[in-house]
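> Predicted structure and sequence below. I'll ask about it afterward.
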Amino acid sequence: MGFCKIIIGNGSTTRFWHDIWYGDIYFKEKFKRLFNSELQKDANGASNVTSSFRRPSRSGIENSQFIELGHIFSSISLSSVSDRWSWTLHGLGDFSVKSAREEIDKHVLIISSSQNRWSK
């Protein structure tokens, strides 16, 4: 879903480790050491992930990942609204056929002197 991103609300439908909801990478890839020691690999964004590890974080990479994850948690506020998807091809965040068509034209269709026409 390269043209969509998750907007966190209450975190109940966002998969913490398996969805890209903060930044541009899955947390299971960004925090590999923490993910490997995670007991609840399918936890949602509203879960208390910091207390679901097999053991306390050790020193080194694992501990630095835990600290970085804590900084991310401190910058996020969950709300009472549901999580939602946002369309990223234009600034409004709502899906439009026009923006999808323009993206397809840009990458798929051969550029020629004649204009492309879409049938209704």
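Good, I have the coordinates. Only a predicted model underlies this, so the values are computations on that prediction, with no experimental measurement involved.

> how far away is the most centrally placed residue in the chain from residue 96?
By Cα atoms, centre = their mean, the chain has its centre lying nearest to residue 20, at 1.8 Å. Plainly put, residue 20 is 22 Å away from residue 96 if you go by Cβ to Cβ, to the nearest Å. Yep, even glycine has a C-beta here, placed from its N, CA and C like the rest.

> Nearest residue to residue 32 in space, please, no chain neighbours.
In this structure, residue 32 finds its nearest non-sequential neighbour in residue 65, 8.0 Å apart by Cβ to Cβ, 6 or more residues apart in numbering.

> typed the wrong thing, it's residue 11
Residue 11 sits nearest to residue 45 (Cβ to Cβ, 6+ apart), 3.0 Å away.

> just residue 72 next, same as before
Per Cβ to Cβ, 6+ apart, closest to residue 72 is residue 22, 6.1 Å.

> So that neighbour versus residue 108, what's the distance?
Remark: distance between residue 22 and residue 108 (Cβ to Cβ) = 31 Å.

> Between these two, which is the more surrounded one?
The neighbour comparison of residue 22 against residue 108 (other Cβ atoms under 10 Å) goes to residue 22, with 18 against 7.
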